[in-house]
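**Student:** quick one, what's the 3D model for this:
(2 chains)
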Amino acid sequence: DAKTTQPPSMDCAEGRAANLPCNHSTISGNEYVYWYRQIHSQGPQYIIHGLKNNETNEMASLIITEDRKSSTLILPHATLRDTAVYYCIVSADNTDKLIFGTGTGLQVFP
Amino acid sequence: DTGVSQDPRHKITKRGQNVTFRCDPISEHNRLYWYRQTLGQGPEFLTYFQNEAQLEKSRLLSDRFSAERPKGSFSTLEIQRTEQGDSAMYLCASSYQAGGLYEQYFGPGTRLTVT
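**Tutor:** Numbering: from 1, shown residues only, chains lettered A, B, ... in the order given. Down below sits the predicted model:
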């Protein structure tokens, strides 16, 4: 699977949008971009995934560049409960395991 | 749907002892995964099952590790002759695979400390 690069940490004011970047320059045509997050002492939680179109759900939006070499996860109105480690993962649709990097630690402050 | 559950949540054992962890996936999920996570790192894949068949094992899974899913429902992960390097969080996840994309649902994990 392709590797991803994420900043180790970011912070964001409560109520503001949190924009978490991810580089995946070696992504293959059949690989999707997944985002999971892990709140302290809990198991990871799925957030969103996409192939090449932008995606939005009740938790977040995913913006994928046209060349698919990078993406941004957007939490539109960050809350203190969004403080977590966010993992960007690229995976083919028939891949059975998730390859996690070290992720981005997002700290939301009041 | 009560989510993925794992038991125990914490386990402290002495080096050389055997330990066994249990994972109960979301009912009707046909795939079950085991991951290991050490401090400051993301989870690392260990193995996964499709129903009762173990389809892939990571090189991380040494001969001291064995996993089973005898009836395609719950799974157990056993570590024999534990070593201090086995100290980690052991995470279980499940998913329903019917072709195409699927998300994995994770349990809260079992934290193992080997003294």
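
**Student:** quick check: closest non-adjacent residue to residue 50.
**Tutor:** By default, I'm working from chain A. A:L62 (4.7 Å; CB to CB, 6 or more residues apart in numbering or on different chains). Any C-beta I mention is one placed from the backbone N, CA and C, and that applies to glycine too.

**Student:** sorry, should have said chain B
**Tutor:** For B:Q50, the closest residue by CB to CB, 6+ apart turns out to be B:R31, at 5.6 Å.

**Student:** how about the one you found, phi and psi?
**Tutor:** phi -110, psi 140 (degrees, to the nearest 10).

**Student:** what do you get for the one 3 residues further on?
**Tutor:** According to degrees, to the nearest 10, the main-chain angles of B:W34 amount to phi -120, psi 140.

**Student:** the closest residue to it other than its chain neighbours: what's it in contact with?
**Tutor:** Once its chain neighbours are removed from consideration, B:W34 has its nearest residue in B:L46; the separation is 4.3 Å (CB to CB, 6+ apart). The neighbourhood of B:L46, defined by CB atoms under 8 Å, 6 or more residues apart in numbering or on different chains, consists of B:33-36, B:57-58, B:60-61, B:65, B:67, B:77.

**Student:** what's the helix or strand that A:P21 is a member of in contact with?
**Tutor:** Using DSSP states H and E, the secondary-structure element containing A:P21 is strand A:18-23. Outside of strand A:18-23, the residues that reach it under the criterion CB under 8 Å, 6+ apart are A:4-7, A:10, A:12, A:33, A:35, A:69-75, A:78, A:82, A:86, A:88, A:104, A:106, A:108.
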